[in-house]
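Colleague: please find the sequence and the predicted model below.
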2 protein chains.
Amino acid sequence: MRYALLIQYDGTLFSGWQLQKKGERTVQGEMERAAREIFSVPTRVTASGRTDAGVHARGQVVTFDAETSIPCEKLPACFNAHLPPDLRALDCAAVPDDFDCTRHAKRKTYLYRAYFAPCDMPLFTRYAARLKGRPDVEKMKEAAALLCGAHDFKAFSSSGSSAKTTVREIYKIDVRKTENGHTMYEIEVTGNGFLYNMVRIIAGELFAVGCGKPTQNMERALETGERSLLAKTMPAAGLTLECVDYGVPLFGNGLEE
Amino acid sequence: MRYALLIQYDGTLFSGWQLQKKGERTVQGEMERAAREIFSVPTRVTASGRTDAGVHARGQVVTFDAETSIPCEKLPACFNAHLPPDLRALDCAAVPDDFDCTRHAKRKTYLYRAYFAPCDMPLFTRYAARLKGRPDVEKMKEAAALLCGAHDFKAFSSSGSSAKTTVREIYKIDVRKTENGHTMYEIEVTGNGFLYNMVRIIAGELFAVGCGKPTQNMERALETGERSLLAKTMPAAGLTLECVDYGVPLFGNGLEE
C-alpha cells in the first residue's frame, strides 16, 4: 500500500531534504529512519521536491510504500513517536499505487519573508532574512507581474540544476507587507514547479527592485538567461515551502490550503 | 552617565532575565558580561522587569551607568559585537541619572500566542503554545473585558511573588485571530504592571473560557483571590514582552511602538 504523509519541518538544523553522506542530518534521513523503526524494513521515502539546507516546510508531501496493519489515521502519531521535535507528520492518506508525489504535483507555493532593521533581530532571524533597505511594495508588485506566466527562468537558477527544461509557469506572486510589531515583507509564489534556488533568486531581485534597481535587468535576464543580471540568492532561512497541490485534496484535516 | 538600551531576545535558550547561579545562561548575565568587556569595569545592568525562563522580549528596556567616550548611537553595535545572536541591542539613549527603568515604567505590553493542532507544529512551537481545542474568540473577548480596569489580581499570580500589593490595572486586552497559513490566537495585554506569571495565567483562563469554561470562575477568582479557580499557567514559549512605555519616547529609531 502506498501512503502520502503531510509533514512540517523547521529547516534550521537540517542539511535539506535529500539524503547526504553519513553524519549529515537530513529530513529524508530522519523520515526513513522513523519508517524503518515503525515497519521493521528499510523504507524509501520520496518528497514532492527537495528543499535546501535551512529551508522550512509548512506542508511538504511525501510518500512511502508499506505493508502494515496500522490504520492510516494512526500513522502520523506513529511517525511522531520516532521523529525529532523539529519534524512532524501532520496527516496521512492512502493513495493509489501509481501516485507519484513528485511528478503529479500540479502547483507548489513558497513563501519568502524578510524585514528591514539595522541589525539582525533575534525574534525574526529564524524564519526571515534581513534587508539593508526598506523596499517599495508597489514597485515589487509591478516587477512580480512581469514574472507571472510561462517563461524560460534559466537566469533565475543556480548552476548545478539538472532540469531538462528551464521553462516554468508562475501562476501568482503575491507581495505584501504584514505588521506584527515589526514590518515583514512577504513574497508568496505559486507555480507549476521551480528550478534550483529559483524562489530565492526571484525574492532577491524583487527586493532589489523595491529598493530602486530598474526592472530592465530582470526583463533582460528573462530574455537572455544571464544569471549575473540578477541580485544575489537570498538566504535559506527566509524560505518556506507552504503547500503542494495535486489538483485534488489528499488529506482531510483542513491543514492543507 | 546613565544609558537606556532597547534590547530584543529569543528567550528559548535563556534561564530568564535575572542572574542565577553559575552555569545558568541569563539575559542579565550576558548583558553584564558584554558591558564589562566594553567598559573594562564591572557594570550592573537593570531591566524594566524580569522575564522568566523561555519568555521572549521584542522591546525590553534596560539601563546601566558608564563613563565612556563612545557616542551613544555607537553603543548598540558595540554591545552586539559582544552579545550572542539570540540577544541584540537595537537602540540606545542617554537618560537622566535618576531615571529608573523599573519604577518609571508606565505601561507594559505582553503578547501571548497559541494555536490549535493535533500535534506540536515545528514552525510554531518556538513562539507559541499549542491548544487542545479551538477557542471561541468572541467568548474570550467578553471575558477579557471583565479583567480590564484596576483589580486585585492575587488569584492570577503564582506563589513566590514578593509584590507588596496584588492590585494592578489592565488598560487593554486585545484578543484576535491571525491567519498565516495556520490560525494563531493572540492575546495582547497592556497594563501598569504584572504579577509573577500573571499574563500566562490570564492567557490560560481566557483560552479555557474560549473552549467552554464558564466565566463565573474567573469572576469568583477576582473576588476571592483563589488561584485554584483558574486554569493552568500557560507555557513560557508563547509569551513575549512587546514594549515598555515610559510616557515619553526614549528612543528615536521608530522600533518602539
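Modeller: Thanks, I have the structure now.
Colleague: right, and A:Gly16 touches A:Val55 too?
Modeller: Yes - between A:Gly16 and A:Val55 there is a contact at 7.0 Å, judged by CB atoms under 8 Å. Yep, even glycine has a C-beta here, placed from its N, CA and C like the rest.
Colleague: so those two - more neighbours on which side?
Modeller: Set side by side, A:Gly16 and A:Val55 show more neighbours around A:Val55, with 24 against 19, by other CB atoms under 10 Å in any protein chain shown.
Colleague: how close does that one get to A:Ala117?
Modeller: Distance, A:Val55 to A:Ala117, by CB to CB, to the nearest Å: 22 Å.
Colleague: just the closest residue of the stretch 51-200 of chain A to chain B, please.
Modeller: Minimum separation of the stretch 51-200 of chain A from chain B (CB to the nearest CB) falls at A:Pro122, amounting to 4.3 Å.
Colleague: in space, what's closest to that residue - neighbours in sequence excluded?
Modeller: Excluding the flanking residues, the one nearest A:Pro122 by CB to CB, 6 or more residues apart in numbering or on different chains is B:Asp10, at 4.3 Å.
Colleague: list the contacts of the one you found.
Modeller: Counting by CB atoms under 8 Å, 6 or more residues apart in numbering or on different chains, B:Asp10 makes contact with A:Pro122, A:Leu123, A:Arg126, B:His56, B:Asp86, B:Leu87, B:Arg126.
Colleague: doesn't B:Phe124 make contact with the third one?
Modeller: No - contact criterion CB under 8 Å: A:Arg126 and B:Phe124 do not qualify, at 11.6 Å.
Colleague: ok, the two, which is more surrounded?
Modeller: Legend: neighbour count by other CB under 10 Å for A:Arg126 and B:Phe124, higher for B:Phe124 (23 against 19).
Colleague: could I get the contacting residues of that one?
Modeller: With CB under 8 Å, 6+ apart, B:Phe124 has these contacts: B:Tyr115, B:Ala117, B:Arg130, B:His182, B:Met184.
Colleague: let me know the pLDDT of the second one.
Modeller: What the model reports as pLDDT for B:Ala117 is 94.
Colleague: ok, it - contacts?
Modeller: Residues in contact with B:Ala117 (CB under 8 Å, 6+ apart) are A:Leu90, A:Leu255, B:Phe124, B:Arg130, B:His182.
Colleague: in this structure A:Gly29 contacts A:Lys21, no?
Modeller: No - using CB under 8 Å, A:Gly29 is not in contact with A:Lys21; the gap is 10.4 Å.
Colleague: excluding covalently adjacent residues, which one is nearest to A:Lys177?
Modeller: Once flanking residues are discounted, A:Lys177 sits nearest to A:Val137: 5.4 Å by CB to CB, 6+ apart.
Colleague: residues near A:Ala128, how many?
Modeller: 23.
Colleague: neighbours around A:Trp17, how many?
Modeller: Residues near A:Trp17, counting by other CB under 10 Å, number 27.
Colleague: distance of it from A:Asp152?
Modeller: 26 Å.
Colleague: likewise for A:Ala237?
Modeller: 29 Å.
Colleague: who does the residue nearest to A:Pro235 when sequence neighbours are not counted form a beta bridge with?
Modeller: Spatial nearest neighbour of A:Pro235, chain neighbours left out: A:Ala129 (4.8 Å); criterion: CB to CB, 6+ apart. On the basis of DSSP bridges, A:Ala129 is bridged to A:Ala114.
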